[in-house]
Structures are given as structure tokens and as C-alpha cells.
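[1] Take a look and give me a structure for this.
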Amino acid sequence: MSELKRVLILGTGPTSIQLAVNLKKQLNCCVGIAGRESVRSDKFFSALKQNDHLIRVSIQNEKHRAMEGECFIDQVFNGYETIQGDWDTIILSVTTDAYIEVIKQINDKLLKQVRCMVLISPTFGSNSLISNYMNNLNSNAEIISFSTYLGDTRWMHDRPSNHVLTTAVKKKIYIGSTHHPSKNVDRLCKVYEQLGIALEIMESPIDAETRNISLYVHPPLFMNDFSLSAIFGEVDIRKYVYKVYPEGPITQYLIRDMLAQWKEIMNLLEKINIKSINLLKFMTDDNYPVRLESLSRDDIENFNDLETTHQEYLLYIRYTSLLVDPFSQPDKDGKYFDFSAVPIRKMFVNREGYLDIPRMPKEDYYRIKIIQGIAKYLDSKCPTIDKFIKTYETKLEEVAQSHKNELLSNAFTVQSFGEDLNMICSEIGKSIGEKTLE
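    Reported below is the predicted structural model:
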């Protein structure tokens, strides 16, 4: 029997509001939202209280009308430790590095009653992490991983409230579950179908988790001297994530590293019997397409079998082809939409008053450290990943030292994520049946 009748969403970001409206509209289930107490979440909880728990989603593009709507939240919990009641499904809509920190705050007795947990935007290994935690509670809950969140949702008026704006929606997302067959996955497929999103069911949760393009492009784009100088304020001129040097970080050397990192991750997947990914096809078919005049279908389909230099050449073409949106309408001067003009965000003072690091690369640090740890556990060499991490951690230490008299968030701390890695590797060891933790 499918769960998804009493659903508790963990997290108070914009994605939680969009998910809650989707579930109410499509399943008419009981929906609760819980979040940690913080300066930022206080504004969210206050807005909910002032509006009698009404939440709203607006859209930027008319073709995303299925995402629009409003509904009332049935229950709200300010602080994870305050959660009460019987919930058949928990949806984790928090950053991946916070998964364990968050569920540790929830009463074990309540967690044991949960039959299904859904990870909205996990990383490679997140399902193993949550499975290990729930197994230790003697729970047989189904753990479902999506490859990524369904689109781009942000606060209306750029501040936490009860109202969000969804600006982009993905055409296709991947999903994998610990249980086969899964009625919950079937129901989620129907929900997403109503939203105009295709869900492809994968053989395992890790299969789905590896279908996140951020794993393959964010570390090379952000964990380099050029981007880090822009993030930490060493250059005054604005720089852009997806532009070629000197406007952005993309050079032949960055492309070389991007390709090398992809190959290191593919070696890792082979060791745990996960099907490899054609990087160029994934970029063009599942993310942003380019014109066939720029990249031929033959090159895209046969990318994995080409020589390294040829692969680098095609990746470079892919990024230069997206400097403008190749499918936009040119203006009267022949200018196309400046697609690549995504500014590299600088470090900032957060709502708690601490100097903080933008989500990119802060979240990517956790992702890549987990991959490095899994690789080490499986004796899989990853020199490019090691280089990215060393570059990033060296910069963290430099910046922390130069701002030692200021309040710094824990994002400036070099971390091992050892507890999470032990739990993840323990599950991976069980799944491949070859290794045990030392």
C-alpha cells in the first residue's frame, strides 16, 4: 500500500513551499512543515502564523502553470525536536550535509513509525547515509532518492515569507528506491507527470543520485584559483560562472580537469556496479541543449568512446555554444540572450551575522569530500578530486586567517565528514559484499 497520506516536510526553504503545494494539489494529503530555529526561519514561521498557515507559489513562465497554487499547511513545527504526531512519510528538503544533524533531532519513536523517507536533492551516498541511520533504529522504511530538485524556486521579494516564485522547471528527473516494486515511486511518478516532468525510475537510489549534473561541473567551475578569488573578494570586477576566461573560469585546463574528474567518478561507479554516464549526452539531453550545428548527434552519442583530446574539445565546444542561449530570439542588433552571465557570488554576512560562503561552492565541498571518501574506501584513485579539495581547503584556511577577528560560519572550517562517511561506506560495503569497515 502507498504511503504519502501524512507527509512531513523537513526544511523551511522555498523548495519546501513548492513541494507542499504540489502534494496538496495532486494528492490532497495532510502536510506538515518543520524547520530549525534560526533568524532566517523566524521570518518564515512568522509569515505562516500571520497568514493562518497559507502558502503561495507563483510562476515566472506561463508554461509552468501546473506549479502555481496555494494551500494551507496542516501542522507547523518550529524546531525539529518539537515534532509530534504520526507521519507515514518524511521528505528531507534540507541541504545534504545537514541530513543526519536534522534527523538526529527527531524523536526515535516517531521516526520508527515512518514508512517512507524521500530525499529531494541528495548527493552521491545520501541514500546509504539515511538507510544506515534508519537500519540502526531497526526501521525497514523505504528510502527514495531523487536525482535533484524539480526546478528553481526562490523567495518572492528575496526574503523568507509564505510566498515563493518558481522560475524554471526541469523536463526530466531520475528516481531510485530501496524497495522494489514501489507504490510510493509509482505515485510520485504520477504527481510529477501532472507537473509536466518525466521521472525515470532507476535500478537503485545511487543510480539516481549520480544523475545530478552538479557533481560533474561544480567542483571544476568553483574549486579553482580564478573562481575562489572572485568568491572571496580578491577581485573587484564581476566574474561569471559559465563564461570563458577572462570573464569567467573556463579555460582548456578547467575543461581538462572536468573531464578527468568525470572519469574518476566513472571508475568509482564501476566498482559498485553502477552504469556509467555519457557526460556530454547528459549535459545536452538532460540539461541544456545546444544546436546540432555546434555539436553533432554522432559526437554526443559516441562521446564515451572518443580519445581524451577529442572529448576535451567537445566539452569546450559545449560551453562556448552556451555563452548565449542558442534557442533565444535575437534582438534587432542580432544579440542573443546572454545565457552564461551568471555572476559568481561573493562571501557575505548571513542573517545570523556571520561571514558565510555562498551555496556554490559550500554545498559542493560536502559532495566532493563524500566522493573522495568513498573512493578511498574502494581503493579508487582520484587525483583530480584530491586537487580540487586541496585548492579549496587551502583557500578556506587563508581566508579564515585573514578574517580571524570576525564572526565566521562553520563553512570556513576544514572538515572530514567522518561520521557520515563511515555510515555511507558501511552501507556500500554491504551492497557490494566485498569490504568491511576497518
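[2] Strands of this protein, residue ranges please.
    6-10, 30-35, 54-59, 69-72, 75-78, 89-92, 116-119, 142-146, 151-155, 163-169, 172-177, 198-201, 348-349, 355-356 (DSSP state E).
[3] Could you export those as TSV, including mean pLDDT and distance to Asp42?
    For glycine as for every other residue, the C-beta is placed from the backbone atoms N, C-alpha and C. Below are the strands of the chain laid out as TSV (pLDDT from 0 to 100; distance: least, C-beta to C-beta, whole Å):
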stretch	mean pLDDT	distance to Asp42
strand 6-10	98	17
strand 30-35	98	10
strand 54-59	98	17
strand 69-72	97	21
strand 75-78	97	8
strand 89-92	98	21
strand 116-119	98	26
strand 142-146	98	29
strand 151-155	96	14
strand 163-169	95	16
strand 172-177	97	32
strand 198-201	96	35
strand 348-349	96	17
strand 355-356	97	17
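[4] and of those, who's closest to Gln329?
    strand 163-169 (18.2 Å; C-beta to C-beta).
[5] How about the contacts made by Ser182?
    Contacts of Ser182 were listed using C-beta atoms under 8 Å, 6 or more residues apart in numbering, and they are Glu142, Ile144.
[6] how close does it get to Arg351?
    38 Å (C-beta to C-beta, to the nearest Å).
[7] for Ser229, same thing?
    Distance of Ser229 to Arg351, computed by C-beta to C-beta: 26 Å.
[8] related to what we said a few turns ago, of all the strands of the chain, which lies closest to Phe339?
    Using C-beta to C-beta, the nearest of the strands of the chain to Phe339 is strand 163-169, at 12.5 Å.
[9] Can you give the distance of that closest one from its chain's centre?
    Computed by C-alpha atoms, centre = their mean, to the nearest Å, the separation of strand 163-169 from the middle of its chain amounts to 16 Å.
[10] And for stretch 137-148?
    17 Å.
[11] now the end-to-end length of it.
    One end of stretch 137-148 to the other measures 27 Å (C-alpha to C-alpha, to the nearest Å).
[12] what does it rub up against?
    3, 108, 111-112, 114-122, 126-127, 130-131, 134, 170, 173-179, 182, 184-185, 188, 205-206, 208-214.
[13] count of neighbours near Thr309?
    10 (other C-beta atoms under 10 Å).
[14] Let me see the domain layout of the chain.
    6-209, 214-432 (automatic domain parsing).
[15] what's the most buried one of those?
    Comparing the domains of the chain by mean neighbour count (mean count of other C-beta atoms under 10 Å), domain 6-209 ranks first with a mean of 19.
[16] Would you point out which residue is most central in the protein?
    Geometric centre of the chain, nearest residue: Ser121, 4.3 Å, by C-alpha atoms, centre = their mean.
[17] show me what contacts the residue lying closest to that residue once chain neighbours are set aside?
    Leaving aside its sequence neighbours, Ser121 sits nearest to Tyr149 (C-beta to C-beta, 6 or more residues apart in numbering; 4.5 Å). Residues counted as contacts of Tyr149 (C-beta under 8 Å, 6+ apart) are Thr15, Ile120, Ser121.
[18] which one of these is nearest Tyr240?
    Ser121 (23.9 Å).
[19] So the closest one sits against Gly13, correct?
    No: contact between Ser121 and Gly13 fails when scored by C-beta atoms under 8 Å: they sit 10.2 Å apart.
[20] Identify the contacts common to the two.
    In contact with both Ser121 and Gly13: Ser93, using C-beta under 8 Å, 6+ apart.
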